[in-house]
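Asker: whatever this is, show me its structure:
(chains A, B and C)
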Amino acid sequence: MKRQIPLMLVLVFGMFLIFQYFIPHETSEEVYEFLLDWITIIGIFAMALAIWSLFRVAVAKVRTRKENWGYSIFTLVGLFSMMIFGWTAPNGEGWGWYFVFVLSVLLSIGMLVQAMTVKSGRGLWAGLMLVFVIIAVLIGIFDNAWSFYFMSAEPLENPMFRSFFDFVLMPILATTFSLLAFFIASAAYRAFRARNLLATLLLVSALIVMLRFNPYLAPIFGDYMAKTSNWLMNVPNLAAQRAIVMGVGLGIVATALKVILGIERGYMGKG
Amino acid sequence: MKKTTFILMAIVSALFLLSWILKAGSLSGETDNYILQGFLVTFSAFLTLSVLSFLYADNPLYKFAEHLFVGVSAAFWMCMGFWTTIVQNLIPRLSDGLSKFFEQQPQPGDYNFFFFIPVILGIMLLMRLSPKGGWISRWPLAFIIGTTAGLNFVRYLRSDFIKQISNTFVPLLGTEWQGIGHFFSNLDLSASGQLVAIAANWVIFLGVFCGLIYFYFSKEHKGAFGAASKVGIWVLMLTFGASFGYTVMGRISLLVGRITFLFRDWLEIIS
Amino acid sequence: MVYKLTLTLLTFLLIAPVVSAQETVAASVEATVGDPPMIDSSLIPAPPSDIKAVDTDNDHGHSITVTWELSADDGSGMNNVLSYEVFRWVPFLMDELDTLRAELARVAAEIDSVGRLTSELKDERTVVRAAISDMADQMPEAHRMYPEGGEWRLLDKVVSGVATYENTGGKNREGSDYIPDFSDLYFRVEAVTIDSTIRAASGVAGPVQSFGQWFNTGRTAVFIAFMFFGIMTVFFVMKARRGSELYVRPLAGIEAVDEAIGRATEMGRPILYVLGLGTAADVATIASFTVLGRVAKQVAEYQTQLIVPTYDPIVMSVAQEVVKSSFSDAGRPEDYNEDIVYFVTQLQFAYVAAVNGTMLRELPATNIYMGKFFAESLLLAETGALAGSIQIAGTDEIAQIPFFIVACDFTLIGEELYAASAYLGREPILLGSLKAQDYAKAAVIVLATIGLIAAQFEWNWFIELFHVVD
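Answerer: Next up, the predicted model:
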């Protein structure tokens, strides 16, 4: 039973979506649009599972004092601060006790983790946690400079939420992306050292295309470099892309069909 | 070892403070929040450099940036998912009462109770967290996989298979074939020349042919078949090289962007 | 009762001004028409003839295709036809419907300005919506009254030389372009000259009804391919099940997976399995799950450590399920813990930063990348190469394959990823479907060759067979 029903669901919905493609009728279109929306909605519930996993792994590292456990604290701090920013917003210009609130929430979570970790003296940490929880609750009740929002999207305008995005997420994101430039250099070096026919072919065609876009070297070779590079991009490239795309298409179609018919169950743990 | 770490930390903190003070000073004329702004810009530069330090080796600064990044980004996605999918998309379609409660604009169409189904499926997914109810979480997963398998099946059958086949239908003798005599009297290697165009068509056709042979799994690659397969992988490698070279040139510009940030927005050396 | 009464009253209140407005418009039209200008009858073009209106094929309804024979004076004869104007007979009830729609839009605007749905506004909206729905239900009846209670309305103009027009409307009753299904519609076309008063009208086409179809004939090619491929797959799977031996050529990348697990066990270091940035909606990810299942099973048998950082929440859930089942299949359910497969984050480069960190700290003996990869492919693969791990990759993203080829020891190119699951299992039924794939490839080569000849000799019927309506 536990395996049969999921397989039935896969078969029914898979077949429906296949036949839907051939049915232009209104009803079929409506059901199709519905199903696509459903997937997005289920995805959000899955997000809760994901956050739980992230939290548990980080806490486990701290508790077991695994190597580099200290850094996991920053993960937790980042996670919870951003979550608080995402559900609160200042009411006016001032911040009131907002940052004290954020700090006490973070500290109380820290104390909780600590209380779970230590072998003796749990009472002390639990007590401290209680103190911080009380401080947070009191500020939450009596401070009017900011409020919680669960129903309307004011927190998306919260300056702290935006600043964290602009000054924490963006720089790391952009820099990680720019690391690609260095990595591509080391990858190119690796390709240079490779000593077989296939790697040489790859390298030669890469060089031709790179030289064509190099403002200093391209003029030396004149028109030929541009022509060869264009030919490479338009002719063999097109052929290979087409062969790969057809192969991939067949692979996707075959795998999808096997999944729908229940022949391939690897995704359920049964290959 | 410990000692050097401490010294390094002290230097980094001192530089951080110095930059904060200087940055806040230079911003004091422009904005009221100059202390906070100065901190944020400095912090942002600090994170950029921390990530760049990864190029040298894994180090505490990188570990810090990485762990913070993970926590903040996970919470960021969760908040965005909550506000944009659940509150702005799902709630208004479920019922009037709920959208009133969430202060959301109701959708123009009718309410649809079918949208409770993905909610139920989402809750089934959350059952993973309970040790006994985990099996029921396979239902929503089966729903998603079945639906998308069906969707992909027809999509790729059309775009990657049938369309690609019909794309290979090009006249191998050119569109304006006027006989052998004409062909030989107009041997021209320019891009618009008949010879080049015809050669390109042949290369594309043979490339696709050999590429597909390379992906043949159930026949031994020996003899003529093996030769074709070998030509196939050569064409693939030429293509990969061209694509590699093309991307290399693109990535370099990303790095230039990041360096511009450090020198213009933070250090204000260039304008 | 009260509700019905309000409805009728409201409808009446809304309709009355419109009807009277109609009358005034009609009167004013009559007034201008009263003194017709002198028309030189020799300039009047020949009318468009043989007008036909049929339900548009392969759609969800709400659309009619009108065709006609060009006027004799379009492109020949006097050659003075500039355009054609297409008219449809529209019952006045349509205008009343428009008024109700305007009313609905007003209520919506009010809700917008109030910022929330008050109960009065909600009731008002319900009443208007019901009225619209009621009136839309009367549409077939109103159309049956032709030619009473309605008039000819200009739909659109098409330039001379064109003899077809598709009148496509919306399916939403509350939208202004709504065309009712199963209603008798009438069409007429006029050939217009440069002097718009000089024109010639065709006869009337109709009644014609629009309706949705249950099969899109424009997609027959896909349907045939689906049947062909489906039957072949089932056939070869059944054949394989009966026990006939199927040859598959060796794939270096797949054989490397087994060796890599052994190597990791010897070195006492973990295996890192990266499922990529795909969601469970990507078939590449589904293929990767199967490979993960195999790897996890062997890992459980050898008691090696496995690390699976994930990017997508649903992928995480499925991957946990896969690894858990594999561990119990290997007879070691007690070795499984939920932290083998964990979630990192759903931001591309944050994920990369974390996985890179893991590679340098945990120093896995083997990194396996299977699934969908984008710009991060090189960052991951290069870091892994620098850390000295054996790397095996497989993706169907063409742009990323070169990076994996350069930085990894083994790369499964495109379709090889999808073959991997069949290879690793060596189960006859999965290998059977590989055979179906190969036959499809042979079919491609044959069809492409015929297509080349067809293109050379311009056998367009053959090329048309592959035409698919989007």
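
Asker: low-confidence ranges, the chain, go.
Answerer: You didn't pick a chain, so chain A it is. Scanning chain A for pLDDT under 70 picks out the ranges A:1, A:194-195, A:214-218, A:222, A:269-271.

Asker: let me rephrase: I mean chain B.
Answerer: B:1, B:95-112, B:174-194, B:253-255, B:270-271.

Asker: tell me the pLDDT of C:Ala16.
Answerer: For C:Ala16, the pLDDT comes out at 45.

Asker: and the residue lying closest to B:Pro60 once chain neighbours are set aside, how far is that from chain C?
Answerer: Leaving out its chain neighbours, the residue that sits closest to B:Pro60 by CB to CB, 6 or more residues apart in numbering or on different chains is B:Thr5, at 7.4 Å. Using the backbone N, CA and C atoms, a C-beta is placed for each residue, glycine as well. To chain C, B:Thr5 is 17 Å away according to CB to the nearest CB, to the nearest Å.

Asker: which parts of the host helix or strand of B:Thr5 are buried?
Answerer: Taking DSSP states H and E as the criterion, B:Thr5 maps to helix B:2-27. Neighbour-count burial for helix B:2-27 flags B:19-20, B:23-24, B:27 (criterion: 16 or more other CB atoms under 10 Å in any protein chain shown).

Asker: equivalent analysis for stretch A:169-186, please.
Answerer: Across stretch A:169-186, burial judged by 16+ other CB under 10 Å covers A:169, A:171-184, A:186.

Asker: now swap in stretch B:247-266 and tell me
Answerer: Result for stretch B:247-266 [16+ other CB under 10 Å]: buried residues B:247-248, B:251-252, B:254-255, B:258, B:261-262, B:266.

Asker: closest one of those to C:Ser210?
Answerer: Closest approach to C:Ser210 among the buried residues of stretch B:247-266 (CB to CB): B:Thr247, at 50.0 Å.

Asker: host element of that closest one?
Answerer: Using DSSP H and E, B:Thr247 sits in helix B:223-260.

Asker: what about that helix, distance to the chain center?
Answerer: Chain-centre distance of helix B:223-260: 18 Å, with CA atoms, centre = their mean, to the nearest Å.

Asker: show me where the chain has its helices.
Answerer: Here I'm looking at chain A. Under the criterion DSSP state H, chain A contains helices at A:4-22, A:26-64, A:69-87, A:98-117, A:122-142, A:159-164, A:170-193, A:197-212, A:218-221, A:223-234, A:236-261.

Asker: wait, chain C
Answerer: Assigned by DSSP H, the helices in chain C fall at C:2-33, C:93-114, C:119-137, C:139-144, C:220-241, C:252-267, C:283-302, C:313-329, C:348-362, C:376-386, C:401-407, C:415-425, C:428-457, C:460-464.

Asker: now these in a markdown table, with mean neighbour count?
Answerer: Shown next, in a markdown table, are the helices of chain C (neighbours: other CB atoms under 10 Å in any protein chain shown):
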| stretch | mean neighbour count |
| --- | --- |
| helix C:2-33 | 11 |
| helix C:93-114 | 16 |
| helix C:119-137 | 16 |
| helix C:139-144 | 17 |
| helix C:220-241 | 18 |
| helix C:252-267 | 18 |
| helix C:283-302 | 26 |
| helix C:313-329 | 25 |
| helix C:348-362 | 22 |
| helix C:376-386 | 25 |
| helix C:401-407 | 27 |
| helix C:415-425 | 26 |
| helix C:428-457 | 19 |
| helix C:460-464 | 12 |
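
Asker: now for those, which one comes closest to A:Ala254?
Answerer: Nearest of those to A:Ala254, taken as CB to CB: helix C:428-457 at 5.1 Å.

Asker: that older thread, for the helix holding B:Thr247, packing partners?
Answerer: helix A:170-193, helix A:197-212, helix A:223-234, helix A:236-261, helix B:194-214, helix C:401-407 (3 or more CB pairs under 8 Å, 6 or more residues apart in numbering or on different chains; DSSP states H and E).

Asker: how about these, which one is nearest C:Gly293?
Answerer: helix A:236-261 (13.3 Å).
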